[in-house]
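> Provided below for reference: sequence and predicted model.
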Amino acid sequence: MKKLFLLALLMFAVAALAACSSDDEPAERRTLVMGTNAAFFPFEFVADHGRGVIGQYAGIDVSLVARIAEELDIDIVIQDQEFIGLIAALQNREIDFIAAAMTIRPDRAEQVNFTVPYFNAGQYIVVRSDNDAINSIADMEGMIVGVQFATTGDIAMTDANNEGIIDLHSVAQYNQPVAAIMDLLSGSIDAVVIDAPVARGFIAQHPGELRAFADPNEFFGPEQFGMAFHLEDTELLAEFNEVLIRLIEEGYVMYLYEYYNREFAPVE
């Protein structure tokens, strides 16, 4: 009987020691893959001279995600790809979420779950400074308008042209907005329609060469950015939203907007 008692006591001690060892083991740190299109200053871009926030990448979205990741104790890996493929990559589980200055749209909301809106944007028309003929959407009749493929600007201008709202010569679709701006500067196209904060970034990078403005008749309407998650990842979405809502209330997003437009402005 005494032997059985000692054996039971020994087994209990071993089990307790194993439990303690298991409890002492640190939980495996999560790593999430952020999908983006790093050609959209000031939201996501490749930084030079070691100024990257996550790897070589910087920008409002990158810094915002880095702050959220720090508070949630997770690691972030960035996958840079074409904007048009981001939602498919998320649905196929190739990435864990999207942070790419993505406009919250009803059609997209059927495919992904968006966070709360974190930035009020809108579309701007960008033209060369010496072009005083274009001051609204209506002024672009018969002209070539550049857009980034699959963005809000692309959808708006393509639909307007197809539906006869405006009779454009053509809508030139680009994978990267920089290419559209270069063609605009060279005179290959007449105008570019792009997100307002990105347009302002190009104005800063090309002082005296470009001007940008909103359509005076409010053709594009309001626009807000959100991060996107897989429809099944509601818990992860809730985690991000909890931190994101607080950072918005604290003014952190606007701080980042001002910071990037100030600190990453081109040197004269």
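Happy to help now that I have it. Residues are numbered from 1 along each chain as shown.
> and the gap between the residue positioned nearest the centre of the chain and residue 108?
Nearest residue to the geometric centre of the chain (CA atoms, centre = their mean): residue 100, 1.6 Å. Residue 100 is 12 Å from residue 108, where distance means CB to CB, to the nearest Å. Placement of C-beta: from N, CA and C, glycine included.
> coming back round to it: which residues does the residue nearest to the centre of the chain contact?
35, 36, 37, 40, 43, 44, 61, 83, 86 (CB atoms under 8 Å, 6 or more residues apart in numbering).
> nearest to residue 215, of these?
Closest approach to residue 215 among those (CB to CB): residue 40, at 20.9 Å.
> Kindly confirm my reading that the residue nearest to the centre of the chain forms part of a helix.
No. Residue 100: not assigned to a helix; according to DSSP: H, G, I helix; E, B strand; the rest coil it is coil.
> What sits closest to it if chain neighbours are left out?
residue 36 (4.4 Å; CB to CB, 6 or more residues apart in numbering).
> Go ahead and confirm that neighbour touches residue 44.
Yes. Assessed by CB atoms under 8 Å, residue 36 is found in contact with residue 44 at 4.7 Å.
> Mutual contacts of those two, please.
Contacts common to residue 36 and residue 44, judged by CB under 8 Å, 6+ apart, are 57, 61, 62, 99, 100.
> Can you tell me which of those residues has the most neighbours?
Tallying neighbours with other CB atoms under 10 Å puts residue 61 at the head of those, with 31 neighbours.
> Doesn't it lie inside a strand?
No. With three-state DSSP as the criterion, residue 61 is located in helix rather than a strand.
> For the residue nearest to the centre of the chain, report the pLDDT, please.
Reading off the confidence values, residue 100 has pLDDT 98.
> nearest residue to residue 69 other than its sequence neighbours?
Nearest to residue 69 is residue 76, by CB to CB, 6+ apart, at 4.8 Å.
> gap between the residue nearest to residue 100 and residue 77?
Residue 36 is 11 Å from residue 77, by CB to CB.
> Looking at those two now, which is surrounded by more residues?
Neighbours per residue, other CB under 10 Å: of residue 36 and residue 77, the larger number sits with residue 36, 28 against 12.
> Bridge partners for that one, pull those for me.
Note on residue 36: beta-bridge partners residue 80, judged by DSSP bridges.
> Quick check: it vs residue 156, distance?
22 Å.
> Got the confidence number for residue 208?
95.
> Looks like it contacts residue 129 (just checking).
Yes. Residue 208 lies in contact with residue 129 (CB under 8 Å); the separation is 6.1 Å.
> Among those two, which residue is more densely surrounded?
residue 129 (12 against 8).
> Pull the contacting residues for the nearest residue to that one once chain neighbours are set aside.
Leaving out its chain neighbours, the residue that sits closest to residue 129 by CB to CB, 6+ apart is residue 211, at 5.2 Å. Contact partners of residue 211, counting by CB under 8 Å, 6+ apart, are 126, 127, 128, 129, 203.
> Tally up the residues packed near the last one, please.
It refers to residue 203. Neighbours of residue 203 using other CB under 10 Å come to 17.
> surely it meets residue 196?
No. Taking contacts as CB under 8 Å, residue 203 lies outside contact range of residue 196: 10.5 Å.
> which neighbours do those two share?
With CB under 8 Å, 6+ apart, residue 203 and residue 196 have common neighbours residue 212.
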